[in-house]
Each structure stands twice: as C-alpha cells, then as structure tokens.
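Visitor: Pasted the sequence and its predicted model underneath.
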Amino acid sequence: MRDSSPAAQNDTIVTWDPRVPLLIDIQDVLKIFKSAVKTVHALDHISFEVHEGDFVSLVGPSGCGKSTLLKIISGLLPATSGKVSVNGKAVDAPLDNVGMVFQSPVLLKWKTVIGNIMLPVEFARLEKPPYLEKARSLLRLVGLEGFEEMYPHELSGGMQQRVSLCRALVTDPEILLMDEPFGALDAMTRDELDLELLRIWDGKRKTVLFVTHNIQEAVFLSDTVIVMSPRPGRVIRKLGIDLPRPRAMEMMSAGKFGEYTLQIRAMLASSSGTPGAAVGSTT
C-alpha cells in the first residue's frame, strides 16, 4: 500500500508506508531458457518490491517475460540467477499461499462449478466441509449463487472466469497472481469483471500481481504499474498511480487517468524503438 503523504504523490517515484510489511521481494532476477537448438533470454535483472495488500500490474509487450516472472514468484519455475523472497523466505519450491488465475479459466469439463472450485482443497488434502461453505460464499460474492451444480459448458466466458477466481480464493491465499485473466473476454464483460475484482480486493485486501496488455485496465486497477521492456524483460519504470479509491468506470474520462495511460504508452513505444507507435493497447 502506498504512502498517502504529500511526499508520496509522485508519478515517478513509488514510496511506501514503512508500517506496511514487505511481502514479495524480487532482487536481480535473471531467467534464461536453454534447449538444444535455442537460448532465450527471458528476464534481465528484474528487481522490485511488493508490500502487503498492494495491487501491482505488470505491463509490457508480448514475450517480455511477464508470465515467466509470475511463475518464478509462485515457485513453479526457478530463476537462473537472482532471488525472490516471500515473507522474508527465499522461494525455492511452489508456494502454498498463492492463488493463480490464468487467461483461460482452465475448468475441468466433467466437474460441476462447485467441484472445480474445490480442486485446490482436494489437491491439498484439506478437510472439505469448511471449504465447501467458503466456496458457496465466494459464489454468492461473485453473483453465481444457484450455479453450483452446473457444468462449464453451460456458463458464459465471463461466468467461467468468475468460477476460476473463486477457485483461486477458496483456500484464502495471501497472494493472488493473475495472468491476463480477462484478456479473452469482450470489452463489456472485461469492465464488469475489473469492477468485480476491485470489489473483492477492497473487501479482502489480498496482495495482487496482475499481468495485462491493456494500459487502461492496469491504471484503473492498480496502486503501482510496473512497465517492462521487450525481451529480455527489464523494468523500465515503477509508476505509482495516485487515483482515489473506490474506483468507478467514470474515472477513465478524468484528465489524470488519461495522463497515466499516455505516459505508459510513451514508455512502451520508446522501449520498442518506434517512438509514437501504438504499443500497448488501451482498448
């Protein structure tokens, strides 16, 4: 969470309230993929911090390593060098306090809505009854009460993604990693789910890292936007978003909102080597 003091209201420098604990510490992370035929330099010395309860978006061109970075943070993928720490402990194995939401809902077609939400509980071999009640509570929260026994093919894309979000939250993880979760949806559904996500985040204050190609979405959701360069991915800038909360779609017509989107678009265009190009869609 960003410091709200006057000194912190700065478009260039992200400062932090020292009372808010540091949760994720990413230091000098390098990732290189090697195969018999090709070497891919995915991430180049990435460093930034995420504090408890913060909403951080990663924006950058396709292939710049945003999804790779999420996998490294979650412990699903090792860094080639550098270090990621969560709660002061180095990440060297998959974390159990992380929920993940992907661009595709990745629902099992032979399981009902409630069955899909309960998958993390089954995998962790947790006692089911309390989590079953939690799953039903989450469905009420996202407006899907009454859909518990339906199957994925009976739901719209937006409804499926709501189920995916419930699944990520059912074990009450400390961190929520979201990899372009609404990128495949139409604009109206995407706006609706952005608002839904903010409402849930405002109530539960999970720490969120959110990958998106949509500049407007990143500005609308976030406390901080991390702007990344083309591969190998580097941090171009950490941009603090000084907009009031709670947020409403009408905010997108405000001058300050437009200034942020233009700033990020200019950074992405400059990093691509084509100043003025339409890099990083705002639609």
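Guide: Structure's in. What do you need?
Visitor: how many neighbours does residue 109 have?
Guide: Residue crowding around residue 109 was assessed by other CB atoms under 10 Å; the count is 8. Yep, even glycine has a C-beta here, placed from its N, CA and C like the rest.
Visitor: Setting aside sequence neighbours, what's the nearest residue to it?
Guide: Nearest non-adjacent residue to residue 109, counting by CB to CB, 6 or more residues apart in numbering: residue 152, 5.4 Å away.
Visitor: residue contacts, that neighbour?
Guide: 105, 107, 108, 109, 113, 116, 160, 163 (CB atoms under 8 Å, 6 or more residues apart in numbering).
Visitor: Retrieve the pLDDT associated with the second one.
Guide: According to the per-residue confidence, residue 107 scores 94 in pLDDT.
Visitor: what ranges of this structure fall below the confidence cut-off?
Guide: Scanning the chain for pLDDT under 70 picks out 1-19, 273-283.
Visitor: and which of the contacts of residue 152 is nearest to residue 217?
Guide: residue 105 (18.0 Å; CB to CB).
Visitor: For that closest one, give its distance to residue 167.
Guide: Relative to residue 167, residue 105 is positioned 9 Å away (criterion: CB to CB, to the nearest Å).
Visitor: Contact partners for the spatially most central residue of the chain?
Guide: In the chain, the residue lying closest to the centroid (CA atoms, centre = their mean) is residue 210, at 1.6 Å. Contacts for residue 210 (CB under 8 Å, 6+ apart) come out as 55, 56, 57, 58, 178, 181, 218, 221, 222.
Visitor: For it, grab phi and psi.
Guide: Backbone torsions of residue 210, given as degrees, to the nearest 10, read phi -130, psi 120.
Visitor: now swap in the one 10 residues further on and tell me
Guide: For residue 220, the backbone dihedrals (degrees, to the nearest 10) come out as phi -60, psi -40.
Visitor: Now do the same contact list for it.
Guide: Residue 220 neighbours (CB under 8 Å, 6+ apart): 194, 247, 249, 251, 252, 257.
Visitor: Out of the residues you listed, which end up buried?
Guide: Buried by 16 or more other CB atoms under 10 Å: 194, 247, 252, 257, out of the contacts of residue 220.
Visitor: filter the contacts of residue 152 to the buried ones?
Guide: 105, 107, 113, 116, 160, 163.
Visitor: what's the most distant pair in the residues you listed?
Guide: Farthest pair in the buried ones among the contacts of residue 152, by CB to CB: 105 and 113, 10.8 Å.
Visitor: now the residue nearest to residue 109: how far from residue 137?
Guide: Taking CB to CB, one finds residue 152 at 21 Å from residue 137.
Visitor: now do residue 186
Guide: Note on residue 186: its distance to residue 137, by CB to CB, is 28 Å.
Visitor: Pairing partners for the residue nearest to the centre of the chain in the sheet, please.
Guide: Taking DSSP bridges as the rule, residue 210 bridges to residue 57, residue 178.
Visitor: what separates stretch 146-158 from the chain centre, distance-wise?
Guide: 24 Å (CA atoms, centre = their mean, to the nearest Å).
Visitor: so which pair among the buried ones among the contacts of residue 220 is furthest apart in space?
Guide: 194 and 257 (13.6 Å).
Visitor: these two touch, right, residue 41 and residue 232?
Guide: Yes. Using CB atoms under 8 Å, residue 41 is in contact with residue 232, at 4.1 Å.
Visitor: who's more crowded, these two?
Guide: The neighbour comparison of residue 41 against residue 232 (other CB under 10 Å) goes to residue 232, with 19 against 15.
Visitor: count of neighbours near residue 43?
Guide: Neighbour number of residue 43 under other CB under 10 Å is 25.
Visitor: these two touch, right, it and residue 65?
Guide: Yes. Using CB under 8 Å, residue 43 is in contact with residue 65, at 4.3 Å.
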